[in-house]
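*Asks:* show me the folded form of this:
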Amino acid sequence: MPTDTGSRGARSTSQILLAALVLATSFIALAATSPGTKASPVSLTFDNGRASLGFFRDRVILPATDTFPSPDLPAPQRTDVQLNGDLTNGQITIPQALNSGLQFPYMHVMHPIEQDLKVPFTFRLNPGGLTGTWNETTGAMTLEGALDIIVVTGTGPGFPLPDSLDDLGVPPLGLFARCRFNDVPVNLSTGRKKPITGQAFTGGFGKNGALTASWTSLAPAVSENGGECGDLNQISTSDGGLWLSNGIVDPIPQPSPPPPTCETDLSLCPPPKYVEIDGVRLRPGKKTVRPGKKLTLTVRVHNAGNVAARRIKVKLKSTNRAFRVPKTVTMTVPARGFASRKFKVKVGRNARGRARITAVKNGWPGHAYLKVKPKNKARKR
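*Replies:* Sure, this is the predicted structure:
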């Protein structure tokens, strides 16, 4: 009996362990087959694109022409950018190994000075490729990493072979003199607004949406196969960006900048308010008067300021006490204009000789010179 009891206990323990093992195996199998955990191959195709760098602003670069834009070396090529990678739980991986030079077309922008000259360029993925995120609910996507931008400057002196088997673009880079911007950091996002507005994808993964990247400056380009990079590097310190879309030809317009103000444009600032009296005159300038009479003089004042000179006082004085004048006259002079005011000069009965009447304001004097006409002497009989 003890033996039977021990056997039943051992058998029961074995059954429990077996059940636990089966349950664990089931969980592992369930996790391995659950949706979203398995990497799915994906492809991104961008059929429209724009770029900004230096004085090249918002230039259309996609779709590219189906022939390379060099009259010397035409060759058929693709017209869009195609990136191949994997999607796992919303995480995107675009490795260099799956994206050779064949994935990128030769694009071009027109030369800013030589209007009929095309400036060809293309992209290459760095060894790290691109990684990013995908939100199926919102259509938001990001892709980050580094690209090389290669600008073709002419036919290269080197032997016309591709740089490597991974660079079999049509035609290969090895044919050309070129300048390479190495490791340009790209932070492509559907949510980025500048320099060109991105848009969430509305048609599913990579469909009907746009990604935008921006940068503040680029390191100087490196010459390859005889490329002349001097002119190109003059604009490399400018800010720039890249816009790649699928199914969208024109990006959402950038919001209009606010109208300029005095704070953003000093030429719009109103001049400071000021009064500038820069001229005083007395009329008539010369006059002969009789004793005991009154004379009217006119003071004329000019204001070069941009606001009216209100109720200013012009001082008056005489060099001859027998010629009595008011101490001041009060007047208002308009901005950038003249004003006149009359006043009386009283000539004393016993006045003799000459007098100089002066009107002065802000150091600007005006003068009138008066002469007393002597009395006629009585004739002798």
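
*Asks:* low pLDDT regions in this structure?
*Replies:* Within the chain, the stretches with pLDDT under 70 are 1-38, 158-168, 376-381.

*Asks:* okay, domains of it per the record?
*Replies:* 40-246, 277-372 (automatic domain parsing).

*Asks:* so what's the backbone phi/psi at A97?
*Replies:* phi -60, psi -30 (degrees, to the nearest 10).

*Asks:* er, V184 I mean
*Replies:* phi -70, psi 120.

*Asks:* which strand in this structure runs the most residues?
*Replies:* Identified as the longest strand of the chain according to DSSP state E is strand 118-134.

*Asks:* hmm, back to that, tell me which of the domains of the chain sits nearest to C269.
*Replies:* domain 277-372 (12.8 Å; CB to CB). Every residue, glycine included, has its C-beta placed from N, CA and C.

*Asks:* re earlier: make TSV from the domains of the chain and add mean neighbour count and distance to P253 to it.
*Replies:* Converted to TSV, those look like this (neighbours: other CB atoms under 10 Å; distance: least, CB to CB, whole Å):
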stretch	mean neighbour count	distance to P253
domain 40-246	17	8
domain 277-372	16	40
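
*Asks:* what sits closest to D86 if chain neighbours are left out?
*Replies:* Spatially, and ignoring its direct neighbours in sequence, D86 is nearest to A39 (4.3 Å; CB to CB, 6 or more residues apart in numbering).

*Asks:* neighbours around that neighbour, how many?
*Replies:* 12 (other CB atoms under 10 Å).

*Asks:* coming back round to it: now do the helix or strand just after the longest strand of the chain: which elements does it pack against?
*Replies:* Going down the chain from strand 118-134, the next helix or strand is strand 141-155, by DSSP states H and E. Counting contacts by 3 or more CB pairs under 8 Å, 6 or more residues apart in numbering; DSSP states H and E, strand 141-155 is packed against strand 91-94, strand 118-134, strand 176-189, strand 209-215.

*Asks:* still on that earlier bit, okay, the domains of the chain in TSV with distance to P259 next?
*Replies:* Output for those, formatted as TSV (distance: least, CB to CB, whole Å):
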stretch	distance to P259
domain 40-246	19
domain 277-372	24
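
*Asks:* please enumerate the helices of the stretch 201-350 of the chain.
*Replies:* For the stretch 201-350 of the chain, the helices defined by DSSP state H, counting those that start in this stretch occupy 230-233.
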